[in-house]
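Participant: the amino acid sequence is not available; the structure is as follows:
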C-alpha cells in the first residue's frame, strides 16, 4: 500500500499545505508506509527538496476565471457587477466558468497521473478540495474499473459558498450537490469525505446528507510560550486579505494607540495587490510608527520564530466569508497555549465560547470592536494564558501528523473490512 497525496494547493513553504505534509510524511515514514506527493506545477524548489513532491497540477485550488465580458444570459447583471468592481478596483470572476474550467482541468490532470497511482490497494489523500475540483475527481473515478478503485479520502476544507476570490458565492451548493449525486454509491465505499471540525461536518450533513469523519488540522510541535514582559505582543499572520480582516488592522491599531494600551503589533504583509481594501490597509500600516512588519512569505523556521514570539494571535476573520472553516494559525495558537482574539461567527470564536480555546471575541465586525476586545483581554491575559497552557498538550497531541495518519488508516481499514453488498 502506498499513500498518494494529491494537493493542487501546494506551492510554497509558506503555506499550510507544506507544514501539514512535512508532519504527515514524517509520520508515514515512521510507520514504514511509502508515499508520493503531487503538487502544483511551478512549486518552490524547497518544497520539492523537503517533501519530494512532484510538480503536476495545472491549476491551483485558489485559481479563478476572470470575466472580461458580460455573459449573454445575464448581460445586465454582469455589466453592473463589472462596472461596480471596476470602480472599487476589484477583479471580476465568473463562478460558472471557474467551475467548468477547473473541474475539467483537474480531471485531465488526474488522468495523466502514472497508472500505478490508482492501484486498488493504494490510499489517495486530497488535503483540500472544493466545488471546482470535486466533479472532476468523481468523473475520473467513474471512468476507472469499479472493482479496481483505490480508497480516496477528500478533505472538505471550505463552506459550500466559498470562492477562490474571497467573495460569497451563489452556485456552490448546486455544484456540490451535482458532484455528490453523480458519485452515488462511490461515497462510503471508495470515496470518503472528512472535515476539520464539527461545524463544517454539520453543514455538509444538513445540506447534502454527507457523513464526514473529523480529520485534524496538523501543526508542528509548538515551542515554549514566552511570558509577557511589559508590553503585550499581538500578531497577525498569513495571507493579507479582507476575508481575514487585514483591513481592520490600521483602525484598530490607531484606537489602541489613542487609548495608550501597552501593546505592540507584528503584522505579516503578503498579498498580490489585487484587492483595493488590502492595498489601502497596507498603505495605512506603513504610515503608522512602531509596528513590526514582516514582508512576504516566511520559511518554516522564521514562521515558527515569529508566531511563537507573540503573546496573542489575532484572527479577525470575516464571519460571512470565512465562516466555520478551520485555521492553521488558530490550531497552532491553541497548541502553544496562546490566547486568540476572534470575530464572532467564525470557528475560533465558537471554540472560545465552548472553552476549548482562550481569548476574546469581538462583534460587530469593525476596527473599534477589535480594539475593544484587545483592551478587554489585557487585564486577565496572564490568567487566560495559564488556562490555555493547561489544555495545550492534549490539544497538540490530537493535531499531530500521527493523529492525521491514524484517522486516514482507521477510515480506510474500516471500509475494507465491510462486507460486500
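Facilitator: Cool, the structure landed. Just so it is clear, the structure is predicted and the values come from calculations on it, not from any experiment.

Participant: tell me the first helix or strand C-terminal of the helix or strand containing residue 50.
Facilitator: Taking DSSP states H and E as the criterion, residue 50 maps to helix 45-51. Helices and strands here follow DSSP H and E; after helix 45-51, the next one along the chain is strand 54-57.

Participant: one step back: buried residues, the helix holding residue 50. List them.
Facilitator: The neighbour-count check on helix 45-51 (16 or more other CB atoms under 10 Å) flags 47, 51 as buried. To be clear about C-beta, it is placed using only N, CA and C from the backbone, and glycine gets the same treatment.

Participant: for stretch 196-207, same thing?
Facilitator: Buried residues in stretch 196-207, defined by neighbour count with 16+ other CB under 10 Å: 196-197, 199-201, 203-204.

Participant: and that stretch, how far out from the chain middle?
Facilitator: On the basis of CA atoms, centre = their mean, to the nearest Å, stretch 196-207 sits 15 Å off its chain's mean C-alpha point.

Participant: ditto for stretch 182-191
Facilitator: 25 Å.

Participant: over to stretch 399-415?
Facilitator: 20 Å.

Participant: quick check: mean pLDDT across that stretch?
Facilitator: For stretch 399-415, mean pLDDT is 92.

Participant: ok, now stretch 340-356?
Facilitator: The average pLDDT for stretch 340-356 rounds to 96.

Participant: what residues sit buried inside that stretch?
Facilitator: Buried-residue list, stretch 340-356, by 16+ other CB under 10 Å: 340-352.

Participant: same question, stretch 363-376
Facilitator: Buried residues in stretch 363-376, counted by 16+ other CB under 10 Å: 365, 367, 369-374.

Participant: so residue 167 is in contact with residue 321, correct?
Facilitator: Yes: between residue 167 and residue 321 there is a contact under CB atoms under 8 Å: 7.0 Å.

Participant: so which of the buried residues of stretch 363-376 sit within helices?
Facilitator: If you go by DSSP state H, the buried residues of stretch 363-376 have 367, 369-374 in helices.

Participant: so what's the residue count around residue 239?
Facilitator: Residue 239: 18 surrounding residues under other CB atoms under 10 Å.

Participant: er, residue 269 actually
Facilitator: Counted with other CB under 10 Å, residue 269 comes out at 17.

Participant: surely it and residue 291 touch.
Facilitator: No: Residue 269 lies out of contact with residue 291 (CB under 8 Å); the separation is 10.3 Å.

Participant: mutual contacts of these two, please.
Facilitator: residue 285 (CB atoms under 8 Å, 6 or more residues apart in numbering).

Participant: secondary structure class for the closest residue in space to residue 371 that isn't next to it in sequence?
Facilitator: Nearest residue to residue 371 in three dimensions, chain neighbours excluded: residue 255, at 3.8 Å (CB to CB, 6 or more residues apart in numbering). Following DSSP: H, G, I helix; E, B strand; the rest coil, we place residue 255 in the helix state.
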